[in-house]
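**Q** Kindly generate the corresponding structure for this input.
(chains A and B)
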Amino acid sequence: MDFEDIQVIWNSQHDKPLYGVDEVGLHKILRGKSQRFHRLIHWQHIQTYGSSALVLVLIAATLLLNYFGLLGKVGSSRALAGWEIVALLVAMVAWLHFSLSVYAGQKQQKTRERGDPQSLLEDLDREIKHTTFQIRTRKNVLMGFVPPYIGSGLFVLVIFGVTGISRWTLIPVIGGLFLGLIVESRCQRRLIDREMVPRLSELETLRDKLADLRN
Amino acid sequence: MIHAMKPNQQRRIFEEWLTQHRGLLFKVVRAYAFKPDDQDDLFQEITTQVWKSVPNYRGDCAVSTWMYRVALYSAIGWSKSERRHRENHQAMGADDRPLLQPSSLENPQLDWLYDQISKLDEIDRSLTLLMLDGFSYREIAATMGISQSHVGVKLNRIKKRLTEQSKKELKHGF
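**A** All right, here's what the predicted structure looks like:
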């Protein structure tokens, strides 16, 4: 073989791209990383539904015990007053509203993401939509958490009232609930800034690069 | 002349260069790094150096020549530090990141050629790449900072070596 032939071999690589993207490998990596993200979101949903169920059961139990006149047997000094029953019902509605709005958003998003994307680009699009939705939902998280915190405040107020605990004790409890609300919204903000926004930008860059390579 | 370049301008030029001359960088990467992980690493290193070099480009040579110069010097530096690193840290895990794969897998002759280039020392590898990509002796000498006569001597040796090797391989079949 002469050097001219070697030159021809060298030039042959210019007829097609030097490197291609291993879409199968990349798809596996994307699915692995997405699984971690989805587990995190799933865990948050479990916390939401778990805490809602717990509070709703407690409120329902209090109302039922009061209805059957059994409140005294569980440490209450008196039956519930009319306004206290209303307060507990409002608390129930607040918690139901919270969990149902989370559920409705989740369901709506699932409907939008229906189907099993086969290609890498389809999967990327789906993950981008999902992450955008999670960011949008959490941006107004402070307002979203107000109803359950008000519900919890009302429940505590009623329980303190019927058990005869000093109303002054309510001040640190309400303060604690307020602090919890602030901490919760800060945690969600951190989740957006540290996990979701970088993930979204990574996904969008990857999608643009893939589209660019295909063109 | 480009001085005190704004980041936006630097980014625009960098992206333009990278789009137009990406192939050149891949060739350098393939000649100096052989494992997928190393190739990713070297590609990152070269693009970082190209980014830093944008404000220093004065237009006195073609962009491709400039990028070749930056890429080859980065690759030579990377190769030396990588060798030192390997001497100190044996048996690195073979974590094959599958993001990029050579699309010339069906071209055994090209694989053979890259294999032969990889057996040369770092400077000769650069000279070979530049020669194969059609740079003149004068341009190669200017890029590598050596005399034209030295380039001529070295390239003649490399050509001879490559043709001899190809004849040997042909005897045994590619």
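**Q** Following element in sequence after the helix or strand of chain B with the lowest mean pLDDT, please.
**A** In chain B, no helix or strand scores lower on mean pLDDT, DSSP states H and E than strand B:100-102, which sits at a mean of 55. Going down the chain from strand B:100-102, the next helix or strand is helix B:108-118, by DSSP states H and E.
**Q** Quick one: the helices in chain B, in order.
**A** B:7-32, B:36-53, B:63-88, B:108-118, B:122-132, B:137-144, B:148-172 (DSSP state H).
**Q** Comparing those helices, which yields the minimum mean pLDDT?
**A** Note on those: lowest mean pLDDT is at helix B:63-88, with a mean of 83.
**Q** what's the angle between it and helix B:122-132?
**A** Orientation note: helix B:63-88 sits at an angle of 150 degrees relative to helix B:122-132 (axes from the mean of the first three to the mean of the last three C-alpha atoms, to 10 degrees).
**Q** quick one, helix B:63-88 and helix B:7-32 angle?
**A** Going by the same axes, to 10 degrees, helix B:63-88 makes 60 degrees with helix B:7-32.
**Q** Which one of the helices of chain B lies nearest to A:L206?
**A** Nearest to A:L206, of all the helices of chain B, is helix B:36-53, at 14.6 Å by C-beta to C-beta. C-beta: built from backbone N, CA, C; applies to glycine.
**Q** Tell me if the closest one is near chain A.
**A** No - using C-beta under 8 Å from any C-beta of the partner chain, helix B:36-53 stays clear of chain A, coming no nearer than 8.8 Å.
**Q** if I've got this straight, A:T62 is in a helix?
**A** Yes - A:T62 sits within a helix when classified using DSSP: H, G, I helix; E, B strand; the rest coil.
**Q** and chain B, what are its domains?
**A** B:1-88, B:106-174 (automatic domain parsing).
**Q** Now mean neighbour count too, for the ones you listed, in CSV please.
**A** Output for the domains of chain B, formatted as CSV (neighbours: other C-beta atoms under 10 Å in any protein chain shown):
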stretch, mean neighbour count
domain B:1-88, 16
domain B:106-174, 16
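**Q** and A:N66, which of these is closest to it?
**A** Comparing these by C-beta to C-beta, domain B:1-88 comes nearest, at 66.7 Å.
**Q** for chain A, which spans come out with low pLDDT?
**A** A:15-22, A:213-215 (pLDDT under 70).
**Q** Let me see the ranges of the helices in it.
**A** Secondary structure of chain A, counting by DSSP H: helices at A:3-12, A:23-67, A:82-112, A:120-139, A:141-163, A:170-191, A:197-214.
**Q** Tell me which of the ones you listed sits nearest to B:V151.
**A** Short answer: helix A:3-12, nearest of the helices of chain A by C-beta to C-beta, at 15.7 Å.
**Q** Could you list the buried residues of that closest one?
**A** By 16 or more other C-beta atoms under 10 Å in any protein chain shown, the buried positions in helix A:3-12 come out as A:3, A:6, A:9-10.
**Q** Settle this for me: B:D124 is touching B:N156, isn't it.
**A** No - contact status for B:D124 versus B:N156: not in contact, 11.8 Å apart, counting by C-beta atoms under 8 Å.
**Q** which residues sit in contact with the residue most central in space within chain B?
**A** Centroid-nearest residue in chain B: B:V28, 2.1 Å away (criterion: C-alpha atoms, centre = their mean). Residues in contact with B:V28 (C-beta atoms under 8 Å, 6 or more residues apart in numbering or on different chains) are B:42, B:46, B:68, B:71-72, B:75, B:129.
**Q** Dump the helices of chain B into JSON lines; add distance to A:L177 as well.
**A** As requested, these are exported to JSON lines (distance: least, C-beta to C-beta, whole Å):
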{"stretch": "helix B:7-32", "distance to A:L177": "46"}
{"stretch": "helix B:36-53", "distance to A:L177": "49"}
{"stretch": "helix B:63-88", "distance to A:L177": "55"}
{"stretch": "helix B:108-118", "distance to A:L177": "67"}
{"stretch": "helix B:122-132", "distance to A:L177": "66"}
{"stretch": "helix B:137-144", "distance to A:L177": "70"}
{"stretch": "helix B:148-172", "distance to A:L177": "77"}
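**Q** List the contacts of B:K167.
**A** A:M1.
**Q** coming back round to it: which of the buried residues of helix A:3-12 are close to chain B?
**A** Near chain B, by the rule C-beta under 8 Å from any C-beta, you find A:3, A:6, A:9-10 out of those.
**Q** Give me the neighbour count for A:V74.
**A** 11 (other C-beta atoms under 10 Å in any protein chain shown).
**Q** just the buried residues of helix A:3-12 now: which is nearest A:I171?
**A** Looking across the buried residues of helix A:3-12 and measuring by C-beta to C-beta, the closest to A:I171 is A:W10, at 81.0 Å.
**Q** so that closest one makes contact with B:L132?
**A** Yes - between A:W10 and B:L132 a contact is recorded at 4.4 Å, counting by C-beta under 8 Å.
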